[in-house]
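In: next comes the sequence, and after it the predicted model I'd like to discuss.
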Amino acid sequence: MAEIRATEISEIIKKQIAEIDLTGRFEEGGTVLSIGDGIATVYGLNDVQANELVEFSNGTKGLVLNLEEDSIGVVLLGPTGNIKEGDVVKRTKRIASIPVGDGLLGRIINTLGEPLDGKGPIEGALYDMPLERKAPGVIFRQPVKQPLQTGILAIDAMIPIGRGQRELIIGDRQTGKTTIALDTIINQRKNFEEGDPVYCIYVAVGQKGSTVAQIASTLQKYGAMDYTIIISATAADPAALQFYAPFAGAAIGEFFRDTGRHALVVFDDLSKQAVAYREVSLLLRRPPGREAYPGDIFYLHSRLLERAAKIIESDEIARKMNDLPDVLRNVVKGGGSLTALPIIETQSGDVSAYIPTNVISITDGQIFLESNLFNAGIRPAINVGISVSRVGGNAQVKAMKKVAGTLKIDQAQYRELEAFAKFGSDLDQATLAILDKGRKNVELLKQPQYSPLEVEYQIALVYVGTRGILREISIDKIKAWKVQYIDYLRHNCKPTLENLRKGELTPDDEEAIRNAALQVMKQFIN
């Protein structure tokens, strides 16, 4: 038998070492212990982070929510059907994020930023924005003082909304909550045409797919999709996608805000988001608290809505904003804003229920819509007594602030007297005058859906209403008078309208508005 020399052995070993593939990389993998109802319990991912995306062997993504001592709880962002016990789960080392950019405008996407409208992939530069992000600190904010015109006379006159504000829209189902949000989006068309756009993000949570398609069709019809993004998480989608959809909307809004632009995000609605979050929490075996909602449900909504802000003008200070994604560092500008319009559905008008009180305490005011007013034909069905904006006149143009100062108090007083007048027949002339003025102002504030009014016409109408100029006209003719009055102003009072658009109201403008109202009124007085 031939003897193997030591030099030969060393040569063989060197050759084997040289052939070893050192390009492979270490991947931390886990194993599915149990699966069901959109929740997977996974063993083995010891270094995984909360809110990290993980990937199952069939390509389905999941989000880590629970970090237990010997396992993790993962919510699935897709169907559970093809995942079984024993499947391998890999870390992506990416915290949950959404690709954002100007290419999203005009598109319908899901919570993960994937297109749902059949128009192909999203084009243009995209930045990864985290779904969860700290709200800007006080040092990065400035007071809310720039109006966000909704085009709805009752809101812009009595419950004004400013850019950077959080204004809750609350009421029972079928009272016109979504219509207010859509009117506000449609009203931004003129800003877009004038080169000062407010980019709108509409987040549909837990709605039917057909409803989302109808909303997209309405926005398309009125030319609003040019500056709007729709995020759809329908009732058929997993609960995780539903409760993360508003966070995706906030992340897209922050992209516009942090690049020095203005954005509006509508959360329709947070009641369904709360239900989706409760479902996920119970499946993850988190103990429910008061009214069977998890204890951190308040924190869910507060950390979402606190992200709405008007950012300081200085670019340099804005770039130091906390938790700013690295990809945005070079494009950050000051002066941007993110306005939030959360929607909450109440049961039988009960604003004292758990979720409504939570969101009321987080927001800067609420627009309360009442079923009785809606059924009586008063639309928008705004209850003036309960509705409030904590920003108030700071978010109004100067001329509107001047003419609308007493309107809210007048209407609240009218509502009180109206209830009292039902019990008594002998009313003095002063009371009758208040009731007559109140009824006519109610008629004046009525507005059909999808027909927002420009601010100059709003100021003219509020002036006529608050100054009692409509005394001589009967209440059933006010609707027709209003249409002709706006038309008369459009054709005969252009210098006045120009001033009102700028927020100015001179004595000559007041005279022109009054004379125009009286001129049109001649046709309607018997």
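Out: Right, received. Where do you want to start?

In: which parts of the stretch 201-350 of the chain are strands?
Out: 228-233, 262-268, 309-310, 337-345 (DSSP state E, counting those that start in this stretch).

In: report the inter-axis angle for the longest one versus strand 262-268.
Out: So that's strand 337-345. Counting by axes from the mean of the first three to the mean of the last three CA atoms, to 10 degrees, strand 337-345 lies at 10 degrees to strand 262-268.

In: buried stuff in strand 337-345?
Out: 337-345 (16 or more other CB atoms under 10 Å). Glycine gets a C-beta too; all of them are placed from N, C-alpha and C.

In: so what secondary structure elements neighbour whatever helix or strand comes next after it?
Out: Per DSSP states H and E, the first helix or strand lying C-terminal to strand 337-345 is helix 354-362. Helices and strands touching helix 354-362, by 3 or more CB pairs under 8 Å, 6 or more residues apart in numbering; DSSP states H and E, are strand 168-171, helix 270-283, helix 297-305, strand 337-345.

In: what mean pLDDT would you report for the longest one?
Out: In this model, helix 270-283 carries a mean pLDDT of 94.

In: next: the third one.
Out: Here the mean pLDDT over helix 297-305 is 95, rounded to a whole number.

In: residues of it that come out buried?
Out: Quick answer for helix 297-305 (16+ other CB under 10 Å): 297-298, 300-301, 303-305.

In: what's the closest of the residues you listed to Ile215?
Out: The closest of the buried residues of helix 297-305 to Ile215 turns out to be Leu304 (CB to CB; 21.0 Å).

In: in a helix, Met400, correct?
Out: Yes: under DSSP: H, G, I helix; E, B strand; the rest coil, Met400 sits within a helix.

In: make residue 1 into 889 and carry on from there
Out: Right, with 889 as the first residue, what we last looked at is Met1288.

In: wait, doesn't it sit right on Glu1344?
Out: No: with contacts counted by CB atoms under 8 Å, Met1288 stays clear of Glu1344, the gap being 9.8 Å.

In: okay, the two: which has more neighbours?
Out: Met1288 (26 against 23; other CB atoms under 10 Å).

In: residues contacting the more buried one?
Out: Counting by CB atoms under 8 Å, 6 or more residues apart in numbering, Met1288 makes contact with 1044-1045, 1048, 1343, 1346-1347, 1350, 1391.

In: and what of Gln1407?
Out: Listed by CB under 8 Å, 6+ apart, the contact partners of Gln1407 are Tyr1376.

In: burial count for the nearest residue to Ala984 once chain neighbours are set aside?
Out: Distances taken as CB to CB, 6 or more residues apart in numbering place Leu1019 nearest to Ala984, at 4.7 Å, with adjacent residues excluded. Leu1019 has 20 neighbours, counted by other CB under 10 Å.

In: show me the contacts for Leu1019.
Out: With CB under 8 Å, 6+ apart, Leu1019 has these contacts: 939, 984-986, 1132, 1135-1136, 1139.

In: can you check Ser959 too?
Out: 921, 929-931.

In: in this protein, which helix or strand is least confident?
Out: Sorting the helices and strands of the chain by mean pLDDT, DSSP states H and E puts helix 894-907 at the bottom, at a mean of 75.

In: what's the first helix or strand after that one?
Out: Downstream of helix 894-907, the next assigned helix or strand under DSSP H and E is strand 917-924.

In: partners of that next one, with directions?
Out: strand 927-931 (antiparallel), strand 976-983 (antiparallel) (DSSP bridges).

In: okay, the ones you listed, which one's buried deepest?
Out: strand 927-931 (a mean of 22; mean count of other CB atoms under 10 Å).

In: off-centre distance for that strand?
Out: Computed by CA atoms, centre = their mean, to the nearest Å, the separation of strand 927-931 from the middle of its chain amounts to 33 Å.

In: now do it and helix 1158-1171, the angle between them.
Out: With the same axes, to 10 degrees defining the directions, strand 927-931 sits at 40 degrees from helix 1158-1171.

In: ok, residues contacting strand 927-931?
Out: 918-923, 942, 944, 950, 958-964, 968, 971, 977, 1168, 1171-1172.

In: of the residues you listed, just the buried ones, ChimeraX syntax please.
Out: To isolate the buried ones among the contacts of strand 927-931 in ChimeraX, judged by 16+ other CB under 10 Å, type:
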select :918,920,923,942,944,950,959,960,961,962,963,964,968,971,977,1168,1171,1172
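
In: hang on, Ile1255 packs against Ala1269?
Out: No: using CB under 8 Å, Ile1255 makes no contact with Ala1269, being 10.1 Å away.

In: with neighbour numbers in mind, choose between the two.
Out: Ile1255 (27 against 23).

In: before we move on, what SS does Val952 have?
Out: Assigned with three-state DSSP, Val952 falls in the strand class.

In: just give the nearest non-adjacent residue to it, would you?
Out: Glu940 (4.9 Å).

In: what residues are bridge-paired with the one you found?
Out: Beta-bridge partners, per DSSP bridges, of Glu940: Ile983.

In: would you mind measuring from it to Ala1123?
Out: Counting by CB to CB, to the nearest Å, the separation of Glu940 from Ala1123 is 27 Å.

In: what's the answer for Arg1195, then?
Out: Using CB to CB, one gets 25 Å for the distance from Arg1195 to Ala1123.

In: so between those two, which is more surrounded?
Out: Set Arg1195 next to Ala1123 and count neighbours by other CB under 10 Å: Arg1195 wins out with 22 against 14.

In: contact partners of stretch 1296-1309?
Out: With contact meaning CB under 8 Å, 6+ apart, stretch 1296-1309 is reached by 1045-1047, 1272-1273, 1315, 1319, 1322-1323, 1325-1327, 1329-1330, 1354.

In: only the buried subset of those, as a PyMOL command please.
Out: Only the buried entries of these go into this PyMOL selection, using 16+ other CB under 10 Å:
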select buried, resi 1045+1046+1047+1272+1322+1323+1325+1326+1329+1330+1354
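
In: nearest to Leu993 among the contacts of stretch 1296-1309?
Out: Among these, and counting by CB to CB, the member closest to Leu993 is Ile1047, at 28.6 Å.

In: phi and psi next, for the closest one.
Out: Note on Ile1047: backbone dihedrals following degrees, to the nearest 10 are phi -130, psi 60.
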